[in-house]
Structures are given as C-alpha cells and as structure tokens.
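# Here's a sequence, model it:
(one chain, ligands or ions: 3)
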Amino acid sequence: MPKILRVALDTPLRRLFDYLPPAEGSAPISIGARVRVPFGRQRRIGLVAAVADTSEVPAARLKPILDVLDPAPVIDPGLQQLLQWGAEYYHHPLGEVLSSALPRALRLGATPTAREERWLLTETGAASAESGEPRRAPRQRSLLAFLRDRREASAAVLDEHLGAWRDAARALAARGWIVSTEVELTRAPPPSATVRTAGPALLPEQSAAVAAIGASLDQFAAFLLHGITGSGKTEVYLRLIEQVLLAGRRALVLVPEIGLTPQLLERFRARFEVPLAALHSGLTDHERLAAWRDAFSGDARIVLGTRSAVFAPVPGLGLIVVDEEHDASFKQHEGGFRYSARDLAVMRARQAAVPVVLGSATPALETLHNAHAGRYTHLRLERRAAQARPPTLKLIDLRSSAMRAGLSTPVVLAIERHLGEDGQVLVFLNRRGYAPTLLCTACGWIAPCRECDARLTVHLAAARLRCHHCGTDLPLPERCPQCGFAVKAVGQGTERVEETLGTLFPAARIARLDRDVVRRRGDAEGVMRRMSSGEARILVGTQMVTKGHDFPNVTLVVVLNADQGLFSTDFRAPERLAQTIVQVAGRAGRGSRAGEVLIQTEFPDHPLLTQLLAEGYEGFARVALAERAQAAWPPFSRLAALRDSARTPEAALEFLTQARRLARHPPAGLRLLGPVPAAMAKRAGRYHAQLLIESRERRPLHAFLDEWLPEVEQLRSARAVRWSLDVDPIELF
Ligand code: ADP
Ligand code: ZN
Ligand code: ZN
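Residues are numbered from 1 along each chain as shown. Ligands and ions are numbered 1, 2, ... in the order given. Predicted coordinates for the structure are as follows:
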C-alpha cells in the first residue's frame, strides 16, 4: 500500500494534492481510479494520478481519502499518459485535463460499468417518510420523500434530482431507513465481429491506400488520406476497420459533427454488425454516460465521436481515423482545456502503437507540411469513385454583373438552367439571418450591439434584431430610434437569399440550412431528407452545407460571397476560404452528372482565387505554404496566444503588458508580439486583447512557457481579468 496518494482535482491550480490512504479498508488503489477527498470544507471527486512515499505537506496536515470509488482505473495508463502529455503540451492544469476526459456523470460519481447503484426504502423508512421524518434534517427528509414517491432510484437519478445526497443517504442507511443495492444491468452478449454487407470492389488507388495502411496495423504510423469529396475515403476507412475488427481489436473514428453526418453513422451501421458507441455534443448526460460505458467495457467495437471522443476509453485499440481532419471544430478554442483533437489523436496512436489516418479533401497546411516532411505518409485518391466527374469552377465578376439582392445575373440564369434540367442547386453564404445591417437612410443610424463592436443582424421572420456574438436579442424597430424615419435592412443573409430565390423561382421548393433552422437535434436531418428525396430543389445555407452530406442530384453550387476571407488580419483566413470553396464545390455533381460551381467575387484577380481555380487545392496550398514560410508563420514556427478579457480596454492591455514585461530574457528565436486589442475588441460587454508568443522551434517555446506561466499567474493584474493560454491557436484576432 503506497503511503501517499497524489490526487488530481478539477481546479485551476497547477498541482496535485496529497492524501493518505483511506482510514479503513485496505483494498489496493489503482492509479487512474476515482477517489472522494476532503478539500477545504468540501468533498470532491478526483483521480489518483500518482503514488509516492513522501509528501512535502507536513504529516499532521495530511488527510485520508474518504472513499475509493473504483476498484480499477477509469482512465487506463495509456490514456492517462496521453492526458499527462496534453496537460504539459497545452500548459493546462492536469486536474482539469483529466476531468475533461470523463463524462459529467462520472465526475459526479456514477459507476463506470453498467452496474447500477440503486437506493430503496425499507419498511421503517416508509413509515418515517409518511410522518415527515427526520424533521431537523431537510436533505435527509427530501431524499426519503423522493424514494417514497419513486419506490427506488438509481444513484444517477439522485445525482440529477437532489444534488449532494450521499451524506443524507449514509445517515438514513445508518438508521436502517434506506438500503442500497447494486444491480447488474443485463445486456446482450457481444456479437462476434461480422461484416453485414461487403463493400464495392475497390478502385486501384483505394486498394493501394488500404494495403499501405493495412501493412502497419501493429505499429504507429500516420497517414494523410488526401482525396476529393466522393473519392472513396470513407470506403477506405471501412475496409481498414473491417481488418481491425477481424483481428479482435477496436477502432476510434473522429468526425467534426455527427448531427450533420447521420449518413456516415448509417453507413457504419449498415456495414458492420457490431455494437457502435456514438459520442457527440448532442447527448444528454445519461446518453453520454451510456455511450462511454459501452466504450469502456469494450462492448462497442467502433467508437465514433466528435472532438472529445479522442479521450474515449477504447480497450484493444487498433486504429484511429480522423475524418475531415482540417475541420476547425477539432480544436477546442474556448472554455478550459484548449486542445487539438487531431493532434492528440496522432499522439494517442503513437502511444498505443497503432496507425492513424487523417482524411480530407482539403488537408490543413500543417498536415500537408507534415506529409511533405515525411512524418505522415501521403496517400492520394485522385479520382472520384462511383463514376462521378469533378466539377468545373468559375468566378463571377461582381463589378461587371447586374445584381439582384446579392444574386448576379449569370448566377440567376445558371440556377434557372440547372433547375430546368432537373438538377438541384446549392447556394452557400456564410451569414445567417435576413440582413447584416439595419440602416436609417435619413440620418445614417445603424443598429449597433451595445455589448459588442458589432452590428445587430436583422431576423425578419422572427421580427428580431440579434447579435451573433453575444446573443443580444431585441424587437425589430420599424422606425429609426434616433430620427423616427423608416429603417431599411441592408445586405444579404441566408434568410433573405431564400426569400429572393422564392420570388425568382416560385415553382421550386427551397430549403434552408443554418443555425436558425437547426435549433433542435434532428432538424438538420429533416432538411437533408427534403433535399435527398428531391422535394426541395434549392438548398440555401451556411458552413453547415459544406459538411459531409451526399446530395447526388446537386449539379450547381453557388458561392455568393467569397470575399470575406480574402482580406482578413488572420493569417489562416485564406486557408479556411480555400477549404470552404473546395468543400462546397465538392457537393456538386456527386452523381453521374458533372457539376458546375460559380463563385461570386469582386476580386476575380486575387491570386488566391486564381491559383485555386487554376491548380486546385494543392496548387493553392503550395503558394500558401511558401507565404507562410516567408512570414515565419506556422507550420514554420510555433505559436501560443495569451488572451484576456476585462471590463475596460485598459485592464485587458495592462495584464498582458505586465505579462510581457515578465519575459525579460526570452530565448533566442522566440518573439513576443503585442499586446494588441482583438479585431473585435468589445464582445459581450468585455474587452479582449492578445499577446502572441512565436518561436522558431517547439522546444524553446515550451521551456519558456513552463517558466513564464507560473509567474504570469501570480500577477496581481491577473485577478482583474479572465485569461487563458492557447497553444497552437487556430484563430487569431
Ligand atoms: P469520400 O469519403 O471520399 O467522400 P465515399 O467513400 O463516401 O467518399 O465515396 C463516395 C461514393 O462513392 C459513395 O457513394 C460510395 O459508396 C461510393 N464508392 C466508394 N468507393 C467505391 C468503389 N470502389 N466502387 C464504387 N463505388 C464506390
Ligand atoms: Zn434615423
Ligand atoms: Zn453583441
């Protein structure tokens, strides 16, 4: 039995907390198991992160652990190693990192296996409940009443309804009024891995990819599977997963958004007759716990999930797939632990000695760079599977075309032609709402957000003015609050484009896909069904339409405004724009008919656009990487951003200025840039600013951060702001 248990708790403090083994009981305690400990005046659940023989805390002040919740680790050593690495790499407190790897229900004490702890009333307990006992202990009384009404309740239900109930339960159990039982939940015996249906015969490039990756199934190797949309990447994943399943192992598949790709899940289910656990943000706590348990027990042979699923337990892991690896949603960029699930997936594969496949039609420049450098094997799928032909792309010069509510004449004519030929049309505009501006034509007043440096967006159907940055939501005024003149909605959002298309093409059904339409789970599926069935002829939407669904009948794709990404201060904006254009273009002509893509722009000579059209994404990437190399931006340097927000612009800058001053002798090759206010400095009533740390090499950056951050944390001005560190930030402002 170790003398000291070092426990990671979900706190912002960068340290572990030492405890003695529990006062009673001598069951062995595993690293990675949850324990309940006294913490100040509270009790907290933490994870045993390490054991030691001695502690720096004086013996008299060491307290024993109260409870050991798990006989075996809930985070296995491999995963713990990954999380430890993540805590160091992202310079985030280990306690918060470990706890972000567990579903909320487990952080609150639920059991990791599908055994269920249930509590029920005894006969004496029932009698006491009737007479309103115990009078002086309200928590016990409400627990007793709760159990009287329900007859019995699982610990999870009690957690959800009563909050802290365990002390009360202990007291009531001591009086013999309630008892607990453990119920093994019955589950179907795990079927042996079987393939339900065989896939199509592979094309030569697909076979080559499967062979190359399949040859490394017992070792770490990273692959970039680079193929246009529809080139058969998913089919490659399925074949590899089949091999992994037949070898008795399990696969972890990460995708950007499950709600938008129900077809993908369906494809997995249709192919394999094995239990599959789906972990994504649309789950309730209960559903998430259930899916996590399926993964933890090993019942699930395939774990498919979004960003945080990179931390899912997968015993006997045999393969990791990251689909659409360029997608920004793999980077957690707000809240506590800011990690890249793609990068952690590569690290996890390395630690587990299994291959990882990063798939994309538009790989991130970082990933391409890794492929060029030979760290990842670059596998290409150049042809479309299923006989589809690649679309033709064309720029529409907005300076010389007549416009009607954001639609140029060539675009209107093209839509008419494609509808006439029985094709479907997809119209992409990265702005939801009716119009981005409400303007008074008499006095020039523009509806502003009071909390942000931003305009309010007109939402006409809802008759609201909304801020897309802070959530401000006001009634839509009919007259100018300043001069009383009539106001006018200026510019285009998806809602208005839908309206305009409705007047232009009254016979065509139009569907819309954006966050205003997709409020609830399943909404997106409804829209996509209307498109797949052919009921809707035109789909108008935001970024959402660029993600993974397959509409084989779409023959025309229109990008209404490509210009937002051309002149941004963020060095990644061109990359994102190119990815979006290529991804949305990939929606065209997935069936047997070739597609047409029209891109409206006021800058048809912009090198990014001409390069993209002339040579495709790879041509763009070559030029963009050369520019990055010249400017020493990532992947040719390493970045971290120290960001903060405060009630005044001065306070936001003051903390960062002091932080910068602490860095008296930055190592060679490392530069601090800033602090500067964010491009949109005021957001939700707070002022945002940022200090960039840029380094030629990775090691000096981390060595610097290790020394600097503890000092930054101690700054008095740190208490006046909310600050965070973002390593490898993907959005700069
Ligand atoms: P991606 O994931 O690259 O977008 P998919 O794997 O979804 O591509 O393939 C696109 C379409 O082509 C799908 O309908 C798929 O069933 C089909 N497909 C994939 N590989 C083949 C093949 N070898 N033969 C015939 N059809 C294929
Ligand atoms: Zn006015
Ligand atoms: Zn706002």
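# Tell me how many other residues crowd the residue of the stretch 401-550 of the chain found nearest ligand 1.
Per Cβ to the nearest ligand atom, Asp550 is where the stretch 401-550 of the chain lies closest to ligand 1, at 6.3 Å. C-beta: built from backbone N, CA, C; applies to glycine. Counted by other Cβ atoms under 10 Å, the residues lying close to Asp550 total 19.
# oh, and call the first residue 398 from now on, that's how I've got it
Sure, I'll start numbering at 398, so the last one becomes Asp947.
# Please tell me how far it sits from Gln660.
Separation of Asp947 from Gln660 (Cβ to Cβ, to the nearest Å): 6 Å.
# if we can go back for a sec, the residue of the stretch 798-947 of the chain closest to ligand 1 - that's part of a strand, no?
No: read with DSSP: H, G, I helix; E, B strand; the rest coil, Asp947 is coil and lies in no strand.
# residues from the chain in reach of ligand 2?
837, 839-840, 842, 877, 879-880, 882 (Cβ under 5 Å from the ion).
# what would those look like in JSON lines with neighbour count, pLDDT and distance to Gly732?
Converted to JSON lines, the residues of the chain next to ligand 2 look like this (neighbours: other Cβ atoms under 10 Å; pLDDT from 0 to 100; distance: Cβ to Cβ, whole Å):
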{"residue": "Cys837", "neighbour count": "20", "pLDDT": "96", "distance to Gly732": "39"}
{"residue": "Ala839", "neighbour count": "14", "pLDDT": "94", "distance to Gly732": "44"}
{"residue": "Cys840", "neighbour count": "11", "pLDDT": "95", "distance to Gly732": "41"}
{"residue": "Trp842", "neighbour count": "16", "pLDDT": "96", "distance to Gly732": "36"}
{"residue": "Cys877", "neighbour count": "20", "pLDDT": "96", "distance to Gly732": "39"}
{"residue": "Gln879", "neighbour count": "12", "pLDDT": "94", "distance to Gly732": "39"}
{"residue": "Cys880", "neighbour count": "12", "pLDDT": "95", "distance to Gly732": "43"}
{"residue": "Phe882", "neighbour count": "13", "pLDDT": "94", "distance to Gly732": "44"}
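# What score does the nearest residue in space to Thr939 that is not next to it in sequence have for pLDDT?
In space, and not counting its chain neighbours, Thr939 is closest to Asp911: 4.3 Å by Cβ to Cβ, 6 or more residues apart in numbering. Per-residue pLDDT puts Asp911 at 92.
# which ones are touching Asp911?
If a contact means Cβ atoms under 8 Å, 6 or more residues apart in numbering, then Asp911 has 829, 891, 938-939, 941 as its contacts.
# Now tabulate these in TSV and tack on secondary structure and distance to ligand 1.
Converted to TSV, these look like this (DSSP: H, G, I helix; E, B strand; the rest coil; distance: Cβ to the nearest ligand atom, whole Å):
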residue	secondary structure	distance to ligand 1
Arg829	coil	26
Thr891	helix	25
Gly938	strand	19
Thr939	coil	21
Met941	helix	17
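# Would you tell me which one of the residues you listed comes nearest to ligand 3?
Closest approach between the contacts of Asp911 and ligand 3, by Cβ to the ion: Arg829, at 14.9 Å.
# Got the phi and psi for the closest residue to that closest one other than its chain neighbours?
Spatial nearest neighbour of Arg829, chain neighbours left out: Asp911 (4.1 Å); criterion: Cβ to Cβ, 6+ apart. Note on Asp911: backbone dihedrals following degrees, to the nearest 10 are phi -160, psi -180.
# again, but for Glu1012
phi -120, psi 0.
# okay, it: pLDDT?
With respect to pLDDT, Glu1012 scores 90.
# Quick check: closest non-adjacent residue to it.
Using Cβ to Cβ, 6+ apart, the closest residue to Glu1012 is Arg1019 (7.8 Å).
# in the stretch 848-997 of the chain, which segments are predicted with low confidence?
917-918, 945-946, 986-989 (pLDDT under 70).
# my bad, the stretch 598-747 of the chain
Segments of the stretch 598-747 of the chain classed as low confidence (criterion: pLDDT under 70) are 656-658.
# Flag every residue of it that's near ligand 1.
Contact residues, the stretch 598-747 of the chain versus ligand 1 (Cβ under 6 Å from any ligand atom): 598-600, 603, 624, 626-632.
# how much space between the residue nearest to Arg829 and His865?
In terms of Cβ to Cβ, Asp911 sits 11 Å off from His865.
# Can you pull the residues that touch both of the two?
Common contacts of Asp911 and His865, defined by Cβ under 8 Å, 6+ apart, comprise Arg829.
# Can you show me the CA trace of stretch 1026-1046 as PDB?
The C-alpha trace of stretch 1026-1046 is given here as PDB (Å, rounded to 0.1, in the frame of the first residue of the first chain):
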ATOM      1  CA  ALA A1026       7.500  30.000 -44.800                       C
ATOM      2  CA  GLN A1027       8.500  33.500 -45.800                       C
ATOM      3  CA  ALA A1028       6.500  35.200 -43.000                       C
ATOM      4  CA  ALA A1029       7.600  32.500 -40.500                       C
ATOM      5  CA  TRP A1030       4.000  31.600 -39.600                       C
ATOM      6  CA  PRO A1031       3.000  28.100 -38.600                       C
ATOM      7  CA  PRO A1032       3.900  25.400 -39.600                       C
ATOM      8  CA  PHE A1033       7.200  27.200 -40.000                       C
ATOM      9  CA  SER A1034       7.100  28.500 -36.400                       C
ATOM     10  CA  ARG A1035       5.200  27.700 -33.300                       C
ATOM     11  CA  LEU A1036       2.600  29.900 -31.700                       C
ATOM     12  CA  ALA A1037       0.900  30.400 -28.400                       C
ATOM     13  CA  ALA A1038      -1.600  33.100 -27.600                       C
ATOM     14  CA  LEU A1039      -2.100  34.600 -24.200                       C
ATOM     15  CA  ARG A1040      -5.500  36.100 -24.300                       C
ATOM     16  CA  ASP A1041      -7.600  38.000 -21.800                       C
ATOM     17  CA  SER A1042     -10.800  40.000 -21.400                       C
ATOM     18  CA  ALA A1043     -11.700  42.600 -18.900                       C
ATOM     19  CA  ARG A1044     -14.300  45.300 -18.100                       C
ATOM     20  CA  THR A1045     -12.100  48.000 -19.600                       C
ATOM     21  CA  PRO A1046      -9.800  48.100 -22.600                       C
END
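# circling back: tell me the two of the residues of the stretch 598-747 of the chain next to ligand 1 that are most distant?
Using Cβ to Cβ, the two most remote members of those are Ala598 and Thr626, lying 20.8 Å apart.
# Same drill for the two, tell me which one is more crowded.
Neighbours of Ala598 and Thr626, each counted by other Cβ under 10 Å, are more numerous for Thr626; the result is 24 against 7.
# Burial check on the residue lying closest to that one once chain neighbours are set aside, number of neighbours?
Using Cβ to Cβ, 6+ apart and skipping the chain neighbours, the partner closest in space to Thr626 is Gly983 (3.0 Å). Gly983: 23 surrounding residues under other Cβ under 10 Å.
# And Pro435, by the same measure?
Pro435: 13 neighbours (other Cβ under 10 Å).
# swap in Val652?
Residues lying near Val652 (other Cβ under 10 Å) number 26.
# Skipping adjacent residues, who's closest to it in space?
That would be Asp720: by Cβ to Cβ, 6+ apart, it lies 4.9 Å from Val652.
# Pull up the gap between that neighbour and Leu651, please.
Computed as Cβ to Cβ, the Asp720 to Leu651 distance reads 7 Å.
# Please say which of these two ends up with more neighbours.
Legend: neighbour count by other Cβ under 10 Å for Asp720 and Leu651, higher for Leu651 (28 against 21).
# Isn't the more buried one up against Ser705?
No: in this structure, Leu651 is not within contact of Ser705 by Cβ atoms under 8 Å, at 9.5 Å.
# Can you pull the residues that touch both of the two?
By the contact definition Cβ under 8 Å, 6+ apart, Leu651 and Ser705 are jointly contacted by Ala738.
# can you pull the contacts of the residue nearest to Thr626?
If a contact means Cβ under 8 Å, 6+ apart, then Gly983 has 625-627, 758, 788 as its contacts.
# Lovely, talk soon.
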